[in-house]
Every structure is written in C-alpha cells, then in structure tokens.
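Build me a structure from this.
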Amino acid sequence: MTETNPSAHQSDPANRARLRWRSRRGLLENDIILTRFLDAHETELTDEEVDAFTRLLDLSDNALMDLVLARKEPEGEIDLPHVHAMLQRLRSA
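Modelled structure (predicted):
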C-alpha cells in the first residue's frame, strides 16, 4: 500500500500550475514540445517523472533543446535513469 504525499505533484494544484508555468520557454520549439507533452500526459505523471521533468526545466533553453532533439545526452547531475526515461518520452511525443 502506498501513502499519499500531500506535497505530491498530482495532489497539489499549485505544484501542477508551477510546472506548467515553468514549461513556457523563450525558445518556441521547447515551449511547443513541453506544452504539448503536458497537455497529453500531465495527469498521469508520477512524482519521479515530475522530478525528471523539473530537472530538465532547470536547464537553459539551448541545452534542453539539444537533449530533446538527441543532439546530446544528459551529463553530470542530470545523468539519471528517470531523466533518461523522461527524455525518451519527450522525444517520442
């Protein structure tokens, strides 16, 4: 049995709104990709997936675009299995 975390993404409308707001990017291509992804999948994201998505949002627009377009792969502190899995989902969206 899993416990519900009151600060979890899905149970907190403020967290969901913040994630959507952060997905609005200066680079139009990123904005379109991220917004469409959230439109299709936001309600089903797990907290681990939200963490991966948030880590990607912490990147600059150009670094994020390079990852989404598979020009580069995650390195350093974002070289994590759940970040790789999120990138695969974004790339196939």
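
neighbouring contacts of stretch 85-93?
33-34, 36-37, 40-41, 49, 52-53, 56, 67-70, 74 (CB atoms under 8 Å, 6 or more residues apart in numbering). The C-beta positions use only the backbone N, C-alpha and C, and glycine is treated the same way.

buried sites along it?
Judged by neighbour count (16 or more other CB atoms under 10 Å), stretch 85-93 contains these buried residues: 86-87, 90.

follow-up on the earlier one: what's the most distant pair in the contacts of stretch 85-93?
Within the contacts of stretch 85-93, A40 and P74 form the most distant pair, 22.4 Å apart (CB to CB).

These two: which is more packed in?
Here A40 and P74 are compared on neighbour count by other CB atoms under 10 Å; more neighbours surround P74, at 19 against 11.

who's in contact with the more buried one?
P74 sits next to 67, 80, 83-84, 87 when contact means CB under 8 Å, 6+ apart.

Just the buried subset of those, please.
Taking 16+ other CB under 10 Å as the criterion, what is buried in these is 67, 83, 87.

mean confidence for whatever helix or strand the second one lives in?
Spelled out, that is V83. Using DSSP states H and E, V83 maps to helix 81-92. The average of the pLDDT scores along helix 81-92 is 95.

Could you tell me how far that helix lies from the centre of the chain?
Distance of helix 81-92 from its chain centroid, counting by CA atoms, centre = their mean, to the nearest Å, is 9 Å.

repeat for stretch 64-83
On CA atoms, centre = their mean, the centre of stretch 64-83 falls 11 Å from that of its chain.

Can you give me the buried ones in stretch 18-25?
19, 23, 25.

which residue packs closest to the second one, ignoring adjacent ones?
With CB to CB, 6 or more residues apart in numbering as the criterion, S23 has its nearest non-adjacent residue at 4.0 Å, and that residue is L34.

what are the phi and psi values for E44?
phi -110, psi 0 (degrees, to the nearest 10).
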